[in-house]
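Asker: Here is my input; please provide its structure:
(chains A and B)
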Amino acid sequence: MPDTTAKIMLPADFSDKPISITRRSLNALVTFAAIGSVALVLLPLAAVFGYLIYKGIGSINLAFLTQIPKPPGEAGGGMANAIAGSVYILMIASVFGVPLGIGAGIYLSEYGRGTRFGNLIRFTADVLNGVPSIIVGIVAYGLVVLSQGHFSALAGGVALAIMMVPTITRTTEEMLLLVPQIVREAAYGLGVSRWRTTLSITLRTATSGVITGVMLAFARVAGETAPLLFTAFGNQYWNWKMNQPTAALSLQIFTYAISPFDEWHKQAWAGALILIVLIVASVGAVRFVASRGMLKGAN
Amino acid sequence: MANRALGAPRLTGPQPVSGQGVTASTEATVQSLISAGDSRHADTAFFYAMVACGFSVLAIVGLIVYELVTKSSLSWHAFGLKFFFRSEWDPVNDQYGALPFVYGTIVSSILALIIAVPLAVGVAVYITEMSPRWLRGALAFTTELLAAIPSVIYGLWAIFVLVPLLRQYLQPWLAKYFGWTTLFEGPPYGIGMLAAGIILAIMVVPIISSITREVMTAVPQQQREAVLALGATRWEMIRTGVLRNARAGIMGGVILGLGRALGETMAVTMVIGNRPEIAKSLFAPGYTMASVIANEFSEATGDLYLSALVEVGLALFIVTILVNILAQCLVWTVTRGTPARGNA
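Answerer: Okay, here's the model as predicted:
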């Protein structure tokens, strides 16, 4: 900021006088306000986690984890099919989203640096990152559901894959750019071809960073509900077919939360607790493994 | 943003081989690497595969635009631009106007920003300028954690915790002392525009505060030292030395938060009341563009109905894209060229 030097001289009464009581109390007031805003922001965080544990833990039992939902109003039943469905949809999403994202990231860092096409892709990825998830749902509906003729796990997977791509692309690019150029040159010097260098030297050097990026994308879409509403649609029963509607944990939480049944409300809390535990655990595990270097040179 | 809080990535895997470390096994590895990729065709094929991956990003955005434009054309031809200025939403008689949703989206987002911006800037100021060093990383991580909670869980929490609190305590209090503004009139349902605004505020705070932290960190340390040397108190230093320099970037963060608030779906759908009406009171139920799509899309019978919903989606898409681009540009003006100081 080149224009600042002039502006700093504006409050010229800073100097020579002792710090007046007004200025001192204003300073204290602002400090107090800043601490207060931290407290106000941490309060909902604590409240959300507190209530999740308080309300959720009582409803988690073996039946919840192994059974499918009972009809409305009946006690018992569980979300086993929704948990499995979420994992299933996320797997489909990863199959599409992870290779595309990593590939695009490789292009940006290894080939597209400074080119016009590279900048266009980088910009487009950032734009895609800001697209509301519900819009992605509409698009997956138009692309998959309409052409298949019904709601399906595949459509849900495609919607989530679209949301994963920009995050993975940008983190992969950033991580690969951190690999020193000299490492690549060493490989070229030994006669290793360019693509081999990219895959076996550059990408492998950045493995833990790239995996962290993938997990961030994964965690981001794992709790997504809006893009699944009219793609995966939800299902009260087991389903393992790609072309059939599938239950998902987030959808089930939504349906149960807005239902009028107390029993379902309890299950919604339990489902929410499981969802957040799955998200935190998967991210935490990979972070731990990556930071301990266990993935180093994974063959 | 979020990955920054998770710490700098470590580089693992093969490191440059140093002098005496070249053993028989590394030679074997090198041999296998050389022979495995010893073809110009392989190089070309790999290059094009990567270009294709990069192109897929463009293709996805292209597909989004194509889908939204083609699927909404029916409604566009039926209502034209008036679609956004009509307040009728009547699927039975096939009459559609998006005004209540546009209104609900704008009001809930602005309400969210009014609540979130002071808090987010306060948090950022505390973390970058005031907190002891050992607390910094932990606080930054914790506030970013707010962004990791799925929207549907916020919605669940809002329905069963926030809304009853509003109904019992906050709304009667607001009606009693601020009823004269006519913003807080009518029965305190709990559910309504106010609840949506508050839950949105909680969701956008981490976005705004992380961008604000980023741009504040980009302000050179010498600025702070210079102002302090002139005898300023800490607040005066923050105001004249830091906030003034970072204001464009903070504005960018605020607009990025706006983009998130505009497109946020689930939590809002669960607490806003979902009634397509325009009411002045913040206690009244409303409807947003994203929630109407979420609620009615899978049940929309009739081509015009579906097309009208897609047109709402297209408008939302265009607005969020423009808002995000504007935000990016503003953040760039501050952070461009300055390496992050790398605390937090």
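
Asker: distance between stretch A:86-106 and the chain's centre?
Answerer: 12 Å (C-alpha atoms, centre = their mean, to the nearest Å).

Asker: Could you do stretch B:226-237 as well?
Answerer: On C-alpha atoms, centre = their mean, the centre of stretch B:226-237 falls 34 Å from that of its chain.

Asker: Which positions in it come out as buried?
Answerer: Of the residues in stretch B:226-237, B:A226, B:V227, B:L230, B:G231, B:A232, B:T233, B:R234, B:W235, B:E236, B:M237 count as buried by neighbour count, 16 or more other C-beta atoms under 10 Å in any protein chain shown. Heads up, the C-betas are built off the backbone N, CA and C, glycines and all.

Asker: Inside helices: which ones of these?
Answerer: Within the buried residues of stretch B:226-237, residues falling in helices by DSSP state H are B:A226, B:V227, B:R234, B:W235, B:E236.

Asker: was I right about the second one contacting B:R244?
Answerer: When you say that, I think you mean B:V227. No. With contacts counted by C-beta atoms under 8 Å, B:V227 stays clear of B:R244, the gap being 9.9 Å.

Asker: Could you identify the helix or strand that succeeds the top helix by length along chain A?
Answerer: When chain A is parsed with DSSP H, its longest helix is helix A:21-56. Sequence-wise, the next helix or strand downstream of helix A:21-56 (DSSP states H and E) is helix A:62-66.

Asker: hmm, the host helix or strand of B:I60 touching chain A?
Answerer: Assigned by DSSP H and E, B:I60 belongs to helix B:40-79. Yes. Judged by C-beta under 8 Å from any C-beta of the partner chain, helix B:40-79 and chain A are in contact via B:42-43, B:45-47, B:49-58, B:60-61, B:63-64, B:67-68, B:71.

Asker: Now a ChimeraX select for only the buried ones of those.
Answerer: Buried subset of these, written as a ChimeraX selection, criterion 16+ other C-beta under 10 Å:
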select /B:43,46,47,50,51,53,54,55,56,57,58,60,61,63,64,67,68,71
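
Asker: re earlier: I'd like to know which elements the helix holding B:I60 is packed against.
Answerer: helix A:80-106, helix A:116-129, helix A:133-140, helix A:153-178, helix A:194-196, strand B:95-96, helix B:303-335 (3 or more C-beta pairs under 8 Å, 6 or more residues apart in numbering or on different chains; DSSP states H and E).

Asker: when you check chain A, which of the buried residues of stretch B:226-237 turn up near it?
Answerer: Okay, of the buried residues of stretch B:226-237 touching chain A (C-beta under 8 Å from any C-beta), that's B:A226, B:V227, B:L230, B:G231, B:A232, B:T233, B:R234, B:W235, B:E236.

Asker: Look up the closest residue to the second one, ignoring the ones flanking it.
Answerer: Taking C-beta to C-beta, 6 or more residues apart in numbering or on different chains, and ignoring the residues beside it in sequence, B:V227 has B:G241 as its nearest neighbour in space, at 3.9 Å.

Asker: which residues does that neighbour contact?
Answerer: A:I8, B:V219, B:Q223, B:R224, B:A226, B:V227, B:L228, B:A232 (C-beta atoms under 8 Å, 6 or more residues apart in numbering or on different chains).

Asker: hmm, back to that, of the ones in helices among the buried residues of stretch B:226-237, which pair is most distant in space?
Answerer: B:A226 and B:W235 (15.9 Å; C-beta to C-beta).

Asker: Identify the residue of the stretch 101-250 of chain B closest to chain A, quick one.
Answerer: B:P150 (2.4 Å; C-beta to the nearest C-beta).

Asker: Please report phi then psi for that residue.
Answerer: Phi and psi for B:P150, reported as degrees, to the nearest 10, are phi -60, psi 150.

Asker: ok, now which ones touch the closest residue to it other than its chain neighbours?
Answerer: Spatial nearest neighbour of B:P150, chain neighbours left out: A:G223 (2.4 Å); criterion: C-beta to C-beta, 6+ apart. A:G223 is in contact with A:S250, A:L275, A:I276, A:I279, B:I149, B:P150, B:S151, B:V152, B:I153, counting by C-beta under 8 Å, 6+ apart.

Asker: ok, back up a step: most tightly surrounded among the helices and strands packed on helix B:40-79?
Answerer: helix A:133-140 (a mean of 28; mean count of other C-beta atoms under 10 Å in any protein chain shown).

Asker: and the angle from that one to helix B:40-79?
Answerer: Following axes from the mean of the first three to the mean of the last three C-alpha atoms, to 10 degrees, one obtains 100 degrees for the angle between helix A:133-140 and helix B:40-79.

Asker: what helices or strands is helix A:133-140 leaning on?
Answerer: Using 3+ C-beta pairs under 8 Å, 6+ apart as the contact criterion, the elements in contact with helix A:133-140 are helix A:153-178, helix B:40-79, helix B:244-263, helix B:289-296, helix B:303-335.

Asker: so what's the residue nearest the centre of chain B up against?
Answerer: What sits nearest the mean C-alpha location of chain B, by C-alpha atoms, centre = their mean, is B:R260, with 2.9 Å. Contact analysis of B:R260 by C-beta under 8 Å, 6+ apart lists B:M203, B:V204, B:I207.

Asker: How about A:R194?
Answerer: Applying C-beta under 8 Å, 6+ apart to A:R194 gives the contacts A:Y188, B:D43, B:F46, B:F47.

Asker: can you rerun that using 7 Å?
Answerer: By C-beta atoms under 7 Å, 6 or more residues apart in numbering or on different chains, the residues touching A:R194 are B:D43.

Asker: I'd like the next helix or strand past the helix holding B:I60.
Answerer: Assigned by DSSP H and E, the successor of helix B:40-79 is strand B:89-90.

Asker: hmm, who's touching that next one?
Answerer: B:Y96, B:G97, B:P100, B:P276.

Asker: pLDDT score for the third one?
Answerer: B:P100 carries a pLDDT value of 94.

Asker: same check, this time on A:A298
Answerer: The model reports A:A298 with a pLDDT of 38.

Asker: what does A:D13 give?
Answerer: 53.

Asker: Tell me where the model's unsure across the stretch 101-250 of chain B.
Answerer: Under the criterion pLDDT under 70, no range of the stretch 101-250 of chain B is flagged.

Asker: how about a cut-off of 90?
Answerer: Where the stretch 101-250 of chain B drops to pLDDT under 90, the residues are B:133, B:136-138, B:140-148, B:175-176, B:178-189, B:214, B:218-219, B:230-232, B:241, B:245-249.

Asker: Which residues of it lie near chain A?
Answerer: B:118-119, B:122-123, B:125-126, B:130, B:139, B:142-143, B:145-146, B:148-153, B:155-157, B:159-161, B:202, B:205, B:223, B:226-227, B:230-236, B:240-241, B:244-245 (C-beta under 7 Å from any C-beta of the partner chain).

Asker: Buried subset of those as a ChimeraX selection?
Answerer: Of these, the buried ones go into a single ChimeraX selection, burial set by 16+ other C-beta under 10 Å:
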select /B:119,122,123,125,126,130,139,142,143,145,146,148,149,150,151,152,153,155,156,157,159,161,202,205,223,226,227,230,231,232,233,234,235,236,240,241,244,245
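
Asker: picking that back up, out of the contacts of strand B:89-90, which is nearest to chain A?
Answerer: B:Y96 (16.0 Å).
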